[in-house]
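1. A structural model of the following input is requested.
(chains A, B, C and D)
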2 protein chains.
Amino acid sequence: MPDSQERKQELIPVLARAFSELGFRRATTAELARRCEVQENILYRLWKDKRAMFVDAIEYVYDLSAQLWEELLAENGDGRTAAERVLACEAEHHGEFGLYRIIFAGLMETDDEEIRQALRRMYGRYQSFVQRRLEEHRAEKGGKMKRVGADLSAWAILGMGTVTSIGRDLGLLSNDDRRRLWEQIGRVLIEAKTS
Amino acid sequence: MPDSQERKQELIPVLARAFSELGFRRATTAELARRCEVQENILYRLWKDKRAMFVDAIEYVYDLSAQLWEELLAENGDGRTAAERVLACEAEHHGEFGLYRIIFAGLMETDDEEIRQALRRMYGRYQSFVQRRLEEHRAEKGGKMKRVGADLSAWAILGMGTVTSIGRDLGLLSNDDRRRLWEQIGRVLIEAKTS
DNA sequence: CGAGACTGTAAGTGTTCACTTACAGCAGGG
DNA sequence: CCCTGCTGTAAGTGAACACTTACAGTCTCG
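-> Numbering: from 1, shown residues only, chains lettered A, B, ... in the order given. Take a look at the predicted model:
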C-alpha cells in the first residue's frame, strides 16, 4: 500500500472543503464519500474513523496557508517587510476559500482530545508565525517608540482574520470593508505604539 | 397559555448553555430535555422545532450582554468614557460563560436562513454598539489626530473578543494574557491613530 | 360537580447516522 | 493454475436522531 498515502493526499482537500462548509456533524460519511466520488467503505480503509479524516483536514488547512506564506517570504518585497506583505496578502485573499471555518467546526468538538490538539497546534503555529514576522518588522524598522508586545499584536491580527471571515459569511462586511479593515487596522497593529 | 412565555424564559438560559457547549447538532433534543429537567415533548409544546429553540438562545445571548452594557453605561465612570469602561469590563469577564460559542455553532448552520438572520442581527448589533461607544469616546476626548474609522475599530474589537475566546478554549491564552490583550490592544484600537 | 383545557409521562415513528460485512473482479508470483 | 492480497460495489447493522402520539392526572371556571 505505498500509494494509499498518495490517495489520501488527493482526497484530503475534498474532505477539508466539506468539513469547512458543513461542520463536523453535518459532514456525514455518506456526503464525504459522495464528494470524494468513492464508496464510504473506501474512506474507512484509508482512515481509522471520521475523526481521523477531520484531523487530517485541519492539518491540510494549515499547510495551505503555511505554503502561501513561505512563498511570500521567499519573494522580493519591494522594500516592504515580510509582515507588511503578509498583511497585504491577507487583505486581498483572506477567507477566500472559506477554509478557516474548519476552526469553528472543530471548536464545537473540543471535548475530543485529538481534535482539540490538532486545533491547538494549528492555531498556535499561526500565532507564532505572525508574531515572528512582527518582531522582524519592528527590528528592521526600528524606532525607539514604546510598543505593545508582538505576541499580543499577533493575537489581535488573528482576531481580525476571524472577524472578517465571520463578517463576510454573514454578509455584514463587504469585500471593500474587509480590505480597508486589513489595511488600516493592520497598519495600526503592526506598529502598535503605546501612547 | 399566558405563562408558557414565562416558562420559555426560564428554559432559554439552559438551552443557550447547552447549544454553546455542544453546538447545534450535538445538542440533541434528548439532551436539551434532560438539562431542562422536562420531557422532550414539553419542549415541542413551547417551540415549533429545534431550530426555534436555537434562535431564541441566540437572542438570549445577545440580551445578556446588552443588559450588562446598559448597566455599565448607566453607572458613574470615574472620569472614564463608556468605551473605556466597556473594554475594562470585557478584559475581566469576556467569555467567562462561554456563551460566545453559540456564534460558532450557528455559523456551521448558515444555510438555514432563519439561523443566519438571527446571527446577523446579533453580530451586527454588537458591532453597532461598540462603534457608537467609540464615536462618543473620540468626540469626548477630542484631539485633532487623524484616526481609523470607528466602524473598523469596532470590528477589530469584536475580533479581539472572538480570538480571546478561542485562545482560552484551546488553552493557548492564560487569563493574564487575555487581560493584557484587552488592556493594551484595546487601548490602541480605541485611539487608532493613523501614523 | 363536571366539562374543557392544560401538564406530565411513556412509548413509539421513520429516518439518518457511523461504521461493517460479504463478495466479485483482478493483479502478481510460485 | 491456484493462492494471496488488493480494489471496488452493494447491502446491511445497531444506535441515535428529531419529532409524535396516546393517555392519565389535575387545574379552572362555569
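2. ok, now how distant is the closest residue to A:Leu134 other than its chain neighbours from B:Ile102?
-> Residue nearest to A:Leu134 in three dimensions, not counting chain neighbours: A:Ala150, with 4.2 Å by Cβ to Cβ, 6 or more residues apart in numbering or on different chains. No exception for glycine: its C-beta is placed from N, CA and C like everyone else's. A:Ala150 sits 32 Å away from B:Ile102 when distances are taken as Cβ to Cβ, to the nearest Å.
3. Compare the two (neighbour count), which wins?
-> Using other Cβ atoms under 10 Å in any protein chain shown as the criterion, A:Ala150 and B:Ile102 rank with B:Ile102 on top: 27 against 20.
4. Quick check: that one touching B:Phe19?
-> Yes: B:Ile102 is within contact range of B:Phe19, at 5.4 Å (criterion: Cβ atoms under 8 Å).
5. follow-up on the earlier one: what residues are up against the residue nearest to A:Leu134?
-> Applying Cβ atoms under 8 Å, 6 or more residues apart in numbering or on different chains to A:Ala150 gives the contacts A:Gln131, A:Leu134, A:Glu135, A:Arg138.
6. list the contacts for A:Arg179?
-> A:Arg179 neighbours (Cβ under 8 Å, 6+ apart): A:Ala91, A:Glu92.
7. any idea which element it lies in?
-> Assigned by DSSP states H and E, A:Arg179 belongs to helix A:175-180.
8. what sits up against whatever helix or strand comes next after that helix?
-> Per DSSP H and E, the first helix or strand lying C-terminal to helix A:175-180 is helix A:186-191. Helix A:186-191 is touched from outside by A:83-84, A:87, A:90-91, A:134, A:137, A:145, A:147, A:153, A:156-157, A:160, B:148, B:156, B:185, B:188-189, B:192-195, with contacts defined as Cβ under 8 Å, 6+ apart.
9. Just the buried ones out of those, please.
-> Neighbour-count burial within the contacts of helix A:186-191 applies to A:83-84, A:87, A:90-91, A:134, A:137, A:147, A:153, A:156-157, A:160, B:148, B:156, B:185, B:188-189, B:192; the criterion is 16 or more other Cβ atoms under 10 Å in any protein chain shown.
10. Mind pulling up the pLDDT for the residue nearest to A:Leu134?
-> The per-residue pLDDT reported for A:Ala150 equals 93.
11. Give me the number of neighbouring residues for A:Glu113.
-> Neighbours of A:Glu113 (other Cβ under 10 Å): 8.
12. which regions of chain A sit below the pLDDT cut-off?
-> Residues of chain A that meet the criterion pLDDT under 70 lie in A:1-3, A:94-97, A:142-144, A:195.
13. Can you spell out which helices and strands pack onto the lengthiest helix in it?
-> Taking DSSP state H as the criterion, chain A has its longest helix at helix A:113-141. Packing partners of helix A:113-141 (3 or more Cβ pairs under 8 Å, 6 or more residues apart in numbering or on different chains; DSSP states H and E): helix A:50-74, helix A:82-93, helix A:101-107, helix A:150-169.
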